[in-house]
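Novice: Coordinates for the following, if possible.
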Amino acid sequence: MKNLILFLTIAFSISSANGQYWKPFNVNEKYNYSLGSHQFYATIWVDSTTIVNTDTIFFLNKIIKRVADGEFGFEGFYLNNQSQCFLSSIYCSSNGNLTLKEDNNRKYLIKAQAILNESWIFDSINSNAATVIGISNQLILGNMDSLKIIRLTSNDTIIISKNHGIIRFPIFDSLSQGVNLIGIEGRNVGELVPKFPDFFDFNIGDVFYYKGESKSRWCNVVVLKRLIISNKKIIGDSIIYTTQYKDRSIVYGNYDSQIDTIYTNVNDRIMVYVNSSDLFLNKYNNQVLNDLSRPGRQFKPITINTDTHFGTISKEYAYNPYCLDWDSDTIMSCINPTICSNIFETFRFGEHYGLLSWEYYEYTGNPYFLWNSENLLGCVKEGISYGTIIEDNLLTPFSEINESNCKLYPNPTGGLFSVETEVLSNQAYITIFSITGHIIDRQQLKSYITLIDLTSFPSGIYLIKLDNDNTSEMKKIIKY
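Specialist: Okay, the predicted model is just below:
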């Protein structure tokens, strides 16, 4: 009797696994897939459906994709409206067959109702056959589901499920790699692509440190910034932060122009972030963002990656000048690209960190250009430090420091310079900072004149802090 019950249970399980409809996607849901270490490699959804006879046809979303390598070291040409790993459409037949189709010459057949060890031709063009090698029930994204494992003669593997669609599908490269389902948006299960609120999810007390740079024909500017979140409000689609803001700018001129230092302190600064469905922070990997406020320019794909510096998910988009003849960062929706432009700009945001980097370049006529950038150096969130933390001394203006008892010469220097002090205590130390706040050297002063060597360090501005006889002062030196 027990054997009969066991037999009936197995028979019912196999019958249940084969007798129901295996649908690849549900309308109004988005399916996130990873590829190796690329967490959000592809997000696929149904753009539209139609019924032809007894077949239901799912037309899948399109992306922009690099289709050719570029010239002169550029990244390559991009084309719009390109299909992803499941091709352009899926034909769902009443007999359970799924045909992934690009055109009449490129199509794949998956027999969702196939039984164990059943075989068929998956890809007739490449003579690639498929065989069901496993049927089981497993947890998928936290839910029990029926699975079928299909092995191809190309040594690639396909996994489909009854309630979660396509779990794994090959990309047909030489490494036998495949995309793997990691989350479904609409059900809110698994890994979900971060959206606008996730990028600006700050808490009161969070501290952010930035470095801004600006370069032009006549002068260069370096700005160190500190921003402390003191209040937070959410009103409708807006996130409003009140911050304590402090910065320090170092301006140095080209062509032997005078060097100047400017200090700015704003006690309260309001930051307002307004959500919109059109924002690139709400988009998915390899979508294109068409900004009508910037006519004459197209955008490269939105890219989603993992930022290794802060260990967070980042979203980035950039738009470039482009010409058919020389700039291969072109996004072309047809064979005729638009006119050239002289502006490049890129934005990159991190989940829970906000702006990670911004860069703007404008060519203003040979040999002149305008270049601006801002980068997140570090932050303190919930008492934990990440990245580079700028010391408060680096944000203190020179004018607020006591009368100088220290001289640096020569300044600018090619590498070697002297530190001369009028007072020398038993605990006199000199600390050298890079402009980003990194400590690159610290040593005790044992004489009134000390020789310092920056020969091995790159050209730029360095900050010299002297602690001597319970006093501190800061100087800057330029290495050419």
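
Novice: What segments of the stretch 301-450 of the chain are helices?
Specialist: In the stretch 301-450 of the chain, no helices are defined using DSSP state H, counting those that start in this stretch.

Novice: So which residues of it form strands?
Specialist: Applying DSSP state E, counting those that start in this stretch to the stretch 301-450 of the chain gives strands spanning 303-307, 312-319, 331-332, 343-350, 354-365, 368-381, 384-387, 406-409, 416-421, 429-434, 439-444, 449-453.

Novice: For the fifth one, which strands pair with it and how are they oriented?
Specialist: Yep, that's strand 354-365 we're talking about. Using DSSP bridges, the strands paired with strand 354-365 are strand 343-350 (antiparallel), strand 368-381 (antiparallel).

Novice: and the direction of the longest one versus that of strand 303-307, what angle?
Specialist: In terms of direction (axes from the mean of the first three to the mean of the last three Cα atoms, to 10 degrees), strand 368-381 departs from strand 303-307 by 50 degrees.

Novice: Please identify the buried residues of strand 368-381?
Specialist: Residues of strand 368-381 classed as buried: 372, 374-381 (neighbour count, 16 or more other Cβ atoms under 10 Å). (C-beta placed from N, C-alpha, C; glycine too.)

Novice: Can you add distance to residue 414 and pLDDT and give the residues you listed back as CSV?
Specialist: Formatted as CSV, these follow (distance: Cβ to Cβ, whole Å; pLDDT from 0 to 100):
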residue, distance to residue 414, pLDDT
372, 29, 92
374, 30, 95
375, 28, 96
376, 32, 96
377, 27, 94
378, 31, 94
379, 36, 94
380, 37, 91
381, 41, 91
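
Novice: Just the closest of these to residue 284, please.
Specialist: Each of the buried residues of strand 368-381 was scored against residue 284 by Cβ to Cβ, and residue 376 proved nearest at 23.4 Å.

Novice: Relative to residue 462, how far out is that closest one?
Specialist: Distance of residue 376 to residue 462, given as Cβ to Cβ, to the nearest Å: 22 Å.

Novice: ditto for residue 406
Specialist: Taken as Cβ to Cβ, the span from residue 406 to residue 462 is 14 Å.

Novice: Same check on residue 148?
Specialist: From residue 148 to residue 462 the distance is 63 Å (Cβ to Cβ).

Novice: same question, residue 286
Specialist: 42 Å.

Novice: before we move on, the earlier item: between the strands paired with strand 354-365, which one is nearest to residue 28?
Specialist: strand 343-350 (26.6 Å).

Novice: Mind jotting down where the helices sit in the stretch 51-200 of the chain?
Specialist: 196-199.

Novice: for it, which spans come out with low pLDDT?
Specialist: Within the stretch 51-200 of the chain, the segments meeting pLDDT under 70 span 67-78, 174.

Novice: swap the cut-off to 50 and go again
Specialist: Filtered on pLDDT under 50, the stretch 51-200 of the chain yields the residue ranges 71-74.

Novice: same deal with the stretch 301-450 of the chain?
Specialist: Applying pLDDT under 50 to the stretch 301-450 of the chain flags the ranges 321-340, 398-403.

Novice: and the nearest residue to residue 409 once chain neighbours are set aside, what does it touch?
Specialist: Spatial nearest neighbour of residue 409, chain neighbours left out: residue 418 (5.7 Å); criterion: Cβ to Cβ, 6 or more residues apart in numbering. By Cβ atoms under 8 Å, 6 or more residues apart in numbering, residue 418 lies in contact with 407-409, 449-452.

Novice: measure the spatially closest residue to residue 162 that is not a sequence neighbour to residue 137 for me?
Specialist: Among residues not flanking residue 162 along the chain, residue 146 sits closest, at 4.4 Å (Cβ to Cβ, 6+ apart). According to Cβ to Cβ, residue 146 stands 6 Å off from residue 137.

Novice: likewise residue 308?
Specialist: According to Cβ to Cβ, residue 308 stands 38 Å off from residue 137.

Novice: Residue 130 contacts residue 112, doesn't it?
Specialist: No - counting by Cβ atoms under 8 Å, residue 130 stays clear of residue 112, with 11.4 Å between them.

Novice: Excluding residues flanking it in the chain, which one is nearest the residue nearest the centre of the chain?
Specialist: Taking Cα atoms, centre = their mean, the centroid of the chain lies closest to residue 314, which sits 2.8 Å from it. Distances taken as Cβ to Cβ, 6+ apart place residue 307 nearest to residue 314, at 4.3 Å, with adjacent residues excluded.
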